[in-house]
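Student: Structure, please.
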Amino acid sequence: MSTPDEAQRRGRRQFLLVASLFIVPLATAIVLYYSSAWRPAAGAHGELIDPPRPLTVSGLLLRDGRPAPEDVFQGQWSLVHDAGAACDERTRALLDELARVRLALDKDTTRVRRVLLHRGSCDAVEFLSRDADLLVLAAVGPAGKAFLSQFPPALEEGHGIYIVDPHGNLMMAYPAAGSARGLLKDLERLLRLSNIG
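Tutor: The predicted model follows:
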C-alpha cells in the first residue's frame, strides 16, 4: 500500500508524461519553423522575385503602333520573353517552345498568354503574324528603357523569360535555355493554387 506522498508523486509523473505528449511535438515544430538550419525546399524551378514587383507600364507600343495601355499585363498570366534588339531564329524557337508550354496547360491554356518584348531594329511582324495569341510589345525611347529596368538584368541582355501575374506583378525569372520543363511545372503549381486570371 502506497503512502499519500507516493500517490501524489505518481500522479505528477503521469500528468507530466501526458503533458509532454502534447508539448514536445509543438515545441519541436516551433523550433524547426523558426530556425534557419532546416527548411523544406521551395520547389520552384525559376528565380522567385520576392516580393513580386508591380510593373509600371510606359514606353511600350502594341503591334499596330498604338501605345500599350497601363493595364496591358492585367487579367491573364503572362509568359514574357525578351528578344532584345533582334528577332532571330532563336526568338522564333523560344516562342514556339513557350507555345508548347502554354498548350500543355490543357484546360488552363486560356489563363496564360505569351508576350514578346523587343526593341531596336527587331522586325517581329513578319514571322509573328501567324501567332494570334501572341502579344507583341515594343519598348521605345527612354520610357521603354525605364520599363525594362524593372526586370532582372537578364532581360536587359535579352532572351530572358518571365512570369507576370494577372495583377501585373513580376513574379519569376528564367534563363531562356532549357527552362521549358521547370517553367511548365511552376506554372501548373501557380495556376492550381491561384484563382485569379
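
Student: which residues does the residue positioned nearest the centre of the chain form a beta bridge with?
Tutor: Central residue check for the chain by CA atoms, centre = their mean: the C-alpha nearest the mean position is that of residue 172, 3.4 Å away. Following DSSP bridges, residue 172 is listed with bridge partners residue 48, residue 163.

Student: need the contact list for it.
Tutor: By CB atoms under 8 Å, 6 or more residues apart in numbering, the contact set of residue 172 is 44, 46, 47, 48, 49, 162, 163, 186. Quick note: C-beta positions are derived from backbone N, CA and C, even for glycine.

Student: Residue 192: which of those is nearest?
Tutor: residue 186 (10.8 Å; CB to CB).

Student: Kindly list the main-chain dihedrals of the residue lying closest to residue 168 once chain neighbours are set aside?
Tutor: Among residues not flanking residue 168 along the chain, residue 73 sits closest, at 4.2 Å (CB to CB, 6 or more residues apart in numbering). Dihedral angles of residue 73 (phi, psi; degrees, to the nearest 10) stand at phi -100, psi 10.

Student: Can you give the domain ranges for this structure?
Tutor: As given by automatic domain parsing, the domain ranges for the chain are 1-40, 47-193.

Student: just to revisit the earlier point, switch the contacts of residue 172 over to TSV; also include distance to residue 137 and pLDDT.
Tutor: Formatted as TSV, the contacts of residue 172 follow (distance: CB to CB, whole Å; pLDDT from 0 to 100):
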residue	distance to residue 137	pLDDT
44	26	71
46	21	81
47	22	84
48	24	85
49	19	88
162	13	92
163	16	93
186	23	90
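
Student: helices and strands around the helix or strand harbouring residue 143, which ones?
Tutor: Following DSSP states H and E, one finds residue 143 within helix 141-148. For helix 141-148, the elements it packs on are strand 134-139, judged by 3 or more CB pairs under 8 Å, 6 or more residues apart in numbering; DSSP states H and E.
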